[in-house]
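>>> show me the folded form of this:
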Amino acid sequence: MSSPRDSLDLRSIRDGGRRDIPWDAPDDGSLDAAGRQRVGGAWRARMVQEHLAVGAFSTLATDLARVGCDSVVLALVTRAAADEVRHADVCRRLAVRHLGASEVPGRLRGVPSLPVRDGATPVDVVLARVVEMCCLSETFTCAYLTTMLERTTHPTARAAVESLLEDEIDHGRVGWAYVAQVLRDGGGAGLGSMLPSLVRDAAKPVLDEAREEPEADDPRLEAHAYLGRDAAAEVYARTLGDVVLPGFDAVGVDTTATRAMLREEGWLARPRP
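Coordinates of the predicted model:
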C-alpha cells in the first residue's frame, strides 16, 4: 500500500522559501536498533507537540483578531497554524524513517488545553498566551533546533531541521513584535508580575528532566537530529540568559522578579569562559 498523502505533497500552497527535503537519501547504517528507537521516538513525540501547536496558534489567531493587533502580527500567527501542520508531517516522516510506518500514527487528533486566568482582562489573557507560545516556547525551540543543526550531518535530517527552523524563527519574532505593540499602546502593565510564572512553566519541564534523568551527548544520535536531555537543558539555560531576559528588557518589561526566580531555581547558565 502506498503512503498516504500529507501536507508536504501540496506544493501548490508552499511559498518559495520552503526547502525540499531529500527523503530518499540512503541510510548511513550508523544507528543500531536502540538508536533508531531513540531518534524515532523523539521525532514521534515532537510530531504530537507540533500537532497541538496547530490548535494553539489557531486559537491565538482568533484571540488576536478579537482584541486587535497590527496586521503583520495577525498574518504571521495565522500562517503559523498552517506551518505547524507541515511541521507535524515532517516529524512524522522522520519518525517513520527510523521506526517504520506501523509504529507512527498517520493521523492525529486533539487540541491543547490553554490556561484560564481568572480576573485578567481579555488583552492580558491574549498577551500571556503570546508570551507563552512565541516569546518563550518558539524562542526556546529556535535555539534548540539551531544547536541540533550544528550537530546534525545526515542530509535528510539536516534538511528537515533547517525546514522547521526557518519557520520557528518567524513564530518567535511575532511574539516580540506583539509585546512591543501592546506596550507601545499603553497596555501590558502587569506583564512583569506574570512573567516569572510564564518563564517557569516554559523552562521547568526541560530543566527538571535533565536534572532527574541526565543524558550525555551521543554523536551517533546527534548526526540524525537528536539532542540528549543534558544538551537540551544547556540550550534552555543559555537562551534564558542570552535571549529571553534581554528580549524583555529591550521591549521595556520589568524582569526583576523573573531574574530573582531564575537565580533561586539555579537556572541561569554559568558565564562562558
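
>>> got any ranges where the stretch 151-273 of the chain has weak pLDDT?
Low-confidence segments of the stretch 151-273 of the chain, defined by pLDDT under 70: 269-273.

>>> how about a cut-off of 90?
For the stretch 151-273 of the chain, applying pLDDT under 90 flags the ranges 268-273.

>>> residue boundaries of the helices in the stretch 151-273 of the chain?
155-184, 191-212, 219-222, 229-239, 245-251, 256-265 (DSSP state H, counting those that start in this stretch).

>>> the fourth one packs against which elements?
Think helix 229-239. On a contact count with 3 or more CB pairs under 8 Å, 6 or more residues apart in numbering; DSSP states H and E, helix 229-239 meets helix 139-151, helix 191-212. (Each C-beta comes from the backbone N, C-alpha and C, glycine too.)

>>> turn the ones you listed into JSON lines, including mean neighbour count.
Output for the helices and strands packed on helix 229-239, formatted as JSON lines (neighbours: other CB atoms under 10 Å):
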{"stretch": "helix 139-151", "mean neighbour count": "19"}
{"stretch": "helix 191-212", "mean neighbour count": "17"}
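
>>> now those as JSON lines including distance to Arg263?
Output for these, formatted as JSON lines (distance: least, CB to CB, whole Å):
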{"stretch": "helix 139-151", "distance to Arg263": "19"}
{"stretch": "helix 191-212", "distance to Arg263": "11"}
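
>>> nearest to Thr255, of those?
Closest to Thr255 of these is helix 191-212 (CB to CB; 6.8 Å).

>>> and the closest one, what does it pack onto?
Using 3+ CB pairs under 8 Å, 6+ apart: helix 191-212 touches helix 122-130, helix 139-151, helix 229-239, helix 256-265.

>>> what residues does the longest one touch?
It refers to helix 139-151. For helix 139-151, contacts defined as CB atoms under 8 Å, 6 or more residues apart in numbering pick out 158, 161-162, 164-165, 168-169, 171-172, 175, 202-203, 206, 219, 222-223, 225-227, 231-232, 235-236, 238-239, 243-244, 247.

>>> now do the shortest one
Here helix 122-130 makes contact (CB under 8 Å, 6+ apart) with 59-60, 63-64, 66-67, 114-115, 117, 120, 174-175, 178-179, 182, 187-188, 190-191, 194, 198.

>>> could I have the buried ones of the residues you listed as ChimeraX selection syntax?
In ChimeraX, this line selects whichever of these come out buried by 16 or more other CB atoms under 10 Å:
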select :59,60,63,64,114,174,175,178,179,182,187,188,191,194,198
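
>>> I figured Val179 hits Leu191, correct?
Yes: counting by CB atoms under 8 Å, Val179 does reach Leu191; the two are 7.3 Å apart.

>>> list residues touching both of the two?
Here Val179 and Leu191 share the contacting residues 127, 131, 253, scored by CB under 8 Å, 6+ apart.

>>> what is the burial count for the last one?
The burial metric for Val253, expressed as a neighbour count using other CB atoms under 10 Å, is 20.

>>> list the residues that contact it.
179, 183, 188, 191-192, 195 are the contacts of Val253 under CB under 8 Å, 6+ apart.

>>> what separation do you get for Val130 and Leu136?
10 Å (CB to CB, to the nearest Å).
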